[in-house]
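S.K.: Requesting a structural model of the entry that follows:
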Amino acid sequence: MTTSGSGISVLVIDDEPAILELAMSVLEQLDIEALGTTDPEEGLEIVRRRTPRAVLLDLAMPKISGLELLDRIVEADPRTDVIVVSGNDDPEVAAEAIKRGAADYLSKPLSVQRLRERLQNVVAEHRRRQKASHLDKELIDAFSFEGIVGRSPLMLEVFESIRRIGPHFQTALVTGDTGTGKELVARALHRRSPVSQGPFVPCNCSAIVETLFESELFGHVKGAFTGATGDKVGLFEHADQGVMFLDEIGDMPLSLQSKLLRVLEDREVRRVGSTTGRKVNVRVLGATNRNLAEMMAEGKFRKDLYHRLSVFEIRLPKLSQRREDLPLLIRHFVEKFGSQQNKRVTGLTRRAQTLLTRYPWPGNVRELENVICHAGVMSQQEFIDWDALPERLRAPGNWAGTEDDDDLSLEGAERRHVQRVLELVDGNRAEAARILGIGRTTLYRMLGSSPEDEK
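M.R.: Okay, here's the model as predicted:
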């Protein structure tokens, strides 16, 4: 083994010592760390332990066939570029190797010039990926606003609304589906407000027992009810000179809505059991994922309270409406996970990215963050692969995209399922057959084709 300053390593697996020596010599000339072995099993262990940038693999190997070793290397680290070398100058062998995940195919006798050019490409690709990773980080910084990541037109509009509303609101309403980031927006409004140095007091209205609601918000005095053994300060008093955030305000009992409206109008709270009011200087933010217009029509939410809260209203888009933000968000959450868990996770493989792109994200940004966290914990590699993602994402029935729903036969459903798996593995039919647990002949039958069709 030789070390170098290029920052990348390449493993050579070849049972011919002369070829091994030649390849490692070329690597040294290119200032690439050279790893080499004539033992395929040892080579696989080196891949798992050292994660080389590329592997130069002889197909005619003892103990393990070259194609089988190729499968194992791709499974162990999908990022690795495997360049297969064979004395069999057969196009079918080359095609099979490429289908099973090889990046290139070289014939023996090995051309030193061709090998040097291919390895130079490996170095260039490595540097390109490093630059892309650096640019990704710069993009996150450029398109991050108050801790919220986005560059889609819908999110840029949200950012502009926060800038305009933050310095002026007394009351405001943030609406959007579960998981779209309503509390993040509320905290951003607080930081942009004149009371940014004051408290931010959140209250989840859906988590409070109705009988305790008034006491939680406004406080109570000793003896106000059974169990009130002393005076209690309510959340509104805690939020004095700051912001009160009423999350899921659509779940607030109708009986309490009139009392909240009075507080908003008078800027005064009265503790349960007390006859005197207490002045508070509180800005109020409400948030909900419910349709308040329908609730008002049904008499479940007061119109006057809605109009008081919605002097300013910010509507957050679903993640499915801002899919161009997915790459940024994925990078952001990968970095966040790595920092919080002190674990080296630097990105996702192409097939994992494909899967995340096709998923409809009913749980929005919160679901995406939870998925990245789950995958980061489950992954044993630096790059998260598709098999580390939760099972629900790998179920084809949950993938977004169009399909021919006119063909509802079992055969049609099988064919669509196979095609989706093929897309997931970049057309690698051997890998698709392995995932599906079927033979390649069965795979061709489901697709309505044959191996001859590819020749």
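S.K.: switch to C-alpha atoms for all contacts and neighbour counts from now on
M.R.: OK.
S.K.: any idea which helix or strand carries residue 227?
M.R.: Taking DSSP states H and E as the criterion, no element holds residue 227; it sits outside all helices and strands.
S.K.: Over to residue 374?
M.R.: Using DSSP H and E, residue 374 falls in helix 364-378.
S.K.: so what does that helix touch, helix or strand wise?
M.R.: On a contact count with 3 or more C-alpha pairs under 8 Å, 6 or more residues apart in numbering; DSSP states H and E, helix 364-378 meets helix 326-341.
S.K.: Now do the following helix or strand past the helix it packs on: distance to the chain's middle.
M.R.: Remark: after helix 326-341, the chain's next helix or strand is strand 347-348, criterion DSSP H and E. Remark: strand 347-348 is offset 9 Å from the chain centroid, using C-alpha atoms, centre = their mean, to the nearest Å.
S.K.: Okay, now the sheet partners of strand 347-348, with direction.
M.R.: Using DSSP bridges, the strands paired with strand 347-348 are strand 383-384 (parallel).
S.K.: need the contact list for the residue nearest the centre of the chain.
M.R.: For the chain, the residue lying nearest the average C-alpha position, counting by C-alpha atoms, centre = their mean, turns out to be residue 330 (3.9 Å). Residues counted as contacts of residue 330 (C-alpha atoms under 8 Å, 6 or more residues apart in numbering) are 368-369, 372.
S.K.: Let me see the domain layout of the chain.
M.R.: 9-139, 153-316, 320-398, 410-454 (automatic domain parsing).
S.K.: any chance of those in a markdown table, with mean pLDDT and distance to residue 145 too?
M.R.: Shown next, in a markdown table, are the domains of the chain (pLDDT from 0 to 100; distance: least, C-alpha to C-alpha, whole Å):
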| stretch | mean pLDDT | distance to residue 145 |
| --- | --- | --- |
| domain 9-139 | 84 | 12 |
| domain 153-316 | 93 | 7 |
| domain 320-398 | 88 | 13 |
| domain 410-454 | 68 | 33 |
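S.K.: Let me have these in a markdown table, adding distance to residue 147 as columns.
M.R.: What follows is the domains of the chain, written out as a markdown table (distance: least, C-alpha to C-alpha, whole Å):
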| stretch | distance to residue 147 |
| --- | --- |
| domain 9-139 | 13 |
| domain 153-316 | 8 |
| domain 320-398 | 10 |
| domain 410-454 | 32 |
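S.K.: Show residues contacting the host helix or strand of residue 314.
M.R.: Using DSSP H and E, the element containing residue 314 is strand 313-315. Contacts with strand 313-315, where a contact means C-alpha under 8 Å, 6+ apart, come from 158, 161, 172-176.
S.K.: Narrow these to those in strands?
M.R.: The members of those that map onto strands under DSSP state E are 172-175.
S.K.: Which of these sits closest to residue 105?
M.R.: Of all these, the one sitting nearest residue 105 is residue 175; the distance, using C-alpha to C-alpha, is 54.8 Å.
S.K.: All the strands of the stretch 51-200 of the chain, in order from the start?
M.R.: 54-58, 81-86, 104-107, 144-145, 148-149, 171-175, 200-204 (DSSP state E, counting those that start in this stretch).
S.K.: need these in TSV with distance to residue 216 and mean neighbour count, can you?
M.R.: As requested, those are exported to TSV (distance: least, C-alpha to C-alpha, whole Å; neighbours: other C-alpha atoms under 10 Å):
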stretch	distance to residue 216	mean neighbour count
strand 54-58	61	25
strand 81-86	60	22
strand 104-107	67	18
strand 144-145	32	18
strand 148-149	30	19
strand 171-175	20	23
strand 200-204	9	18
